[in-house]
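Enquirer: got a predicted structure plus its sequence, pasted below:
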Amino acid sequence: GAVVSQHPSRVICKSGTSVKIECRSLDFQATTMFWYRQFPKQSLMLMATSNEGSKATYEQGVEKDKFLINHASLTLSTLTVTSAHPEDSSFYICSARDNIYGYTFGSGTRLTVV
Amino acid sequence: QKEVEQNSGPLSVPEGAIASLNCTYSDRGSQSFFWYRQYSGKSPELIMFIYSNGDKEDGRFTAQLNKASQYVSLLIRDSQPSDSATYLCAVIAGYSTLTFGKGTMLLVSP
């Protein structure tokens, strides 16, 4: 089946620094990738839709200047959390859509901002 | 506003019993319905998807869809302790993105 690799799986950073999370589709080309955030005991909330070669589409309430998304190739999308603050601590999950398997999720990144 | 509603649980069932998980959705245009399982600290994994009214069976899992009632359910037969997880219902309408419910926690006791 389709595999989506997400790195890092866990990161701790200081407040005010930036963190980059990578999401790669390993055996298929993903023209569209999605970034979700999940707080404890909450559901996955879509942050943005990343389209290869174009600007990401952000959901209402998500700051595009804070959460920078780059989808430069058909197999790689990155999410950069800029000037991270403790309230950005969360579980970030990427997902890629392909024509056969539908939506495949990465393994997630646990971000802790201290 | 597209909404997907699930009882947060926990739903507790003994090992070997049938677990029944329910989900309702608000968008009548919804066309695709998914059940994901999520273990604590892990990302969701797809269990089943269903597009048509009726039942769809895959091993111990059966998904049931009733579009008239805007209701989709997941039955787990012969529940095992390893089935203990949060089950997320997700819905797509047209070419829009997945909308997730908050999930139902299932606890299967040995």
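Expert: Perfect, thanks for sending it. Numbers count the residues shown, from 1 in each chain, chains lettered A, B, ... in the order given.
Enquirer: direction included, what does the least confident helix or strand in chain A by mean pLDDT pair up with?
Expert: One helix or strand of chain A scores below all others by mean pLDDT, DSSP states H and E: strand A:102-105, with a mean of 85. With DSSP bridges as the test, strand A:102-105 is paired with strand A:90-98 (antiparallel).
Enquirer: what residues does the partner strand touch?
Expert: Outside strand A:90-98, the residues within contact range by Cβ atoms under 8 Å, 6 or more residues apart in numbering or on different chains are A:2, A:4, A:6, A:21, A:23, A:25, A:28-39, A:44, A:77, A:79, A:81, A:103-106, A:108-111, B:41, B:43-44, B:98. Any C-beta I mention is one placed from the backbone N, CA and C, and that applies to glycine too.
Enquirer: out of those residues, list just those in strands.
Expert: Using DSSP state E, A:4, A:6, A:21, A:23, A:25, A:32-38, A:77, A:79, A:81, A:103-105, A:109-111 are the members of those that sit in strands.
Enquirer: picking that back up, can I get the buried part of the contacts of strand A:90-98 as one PyMOL selection?
Expert: The buried residues among the contacts of strand A:90-98 can be selected in PyMOL (16 or more other Cβ atoms under 10 Å in any protein chain shown) with this line:
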select buried, (chain A and resi 2+4+6+21+23+25+28+30+31+32+33+34+35+36+37+38+44+77+79+81+103+104+105+106+108+109+111) or (chain B and resi 43+44+98)
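Enquirer: next up, the contacts around A:S18.
Expert: A:S18 makes contact with A:T80, A:V81, A:T82, A:S83, A:A84 under the criterion Cβ under 8 Å, 6+ apart.
Enquirer: out of the residues you listed, which end up buried?
Expert: A:V81, A:A84.
Enquirer: show me what from chain B comes close to chain A.
Expert: B:32, B:34, B:41-46, B:49, B:88, B:97-103 (Cβ under 8 Å from any Cβ of the partner chain).
Enquirer: A:R10 contacts A:G108, correct?
Expert: No - A:R10 is beyond contact range of A:G108, at 9.2 Å (criterion: Cβ atoms under 8 Å).
Enquirer: per-residue confidence averaged over stretch B:36-52?
Expert: Stretch B:36-52 comes out with an average pLDDT of 92.
Enquirer: what comes up buried for that stretch?
Expert: B:Y36, B:R37, B:Q38, B:S43, B:P44, B:L46, B:I47, B:M48, B:F49, B:I50.
Enquirer: just the ones in helices from those, please.
Expert: Cross-referencing the buried residues of stretch B:36-52 against helices under DSSP state H gives no overlap.
Enquirer: those residues in strands, which ones?
Expert: B:Y36, B:R37, B:Q38, B:L46, B:I47, B:M48, B:F49, B:I50.
Enquirer: the third one contacts B:P44, correct?
Expert: Read that as B:Q38. Yes - B:Q38 is within contact range of B:P44, at 4.5 Å (criterion: Cβ under 8 Å).
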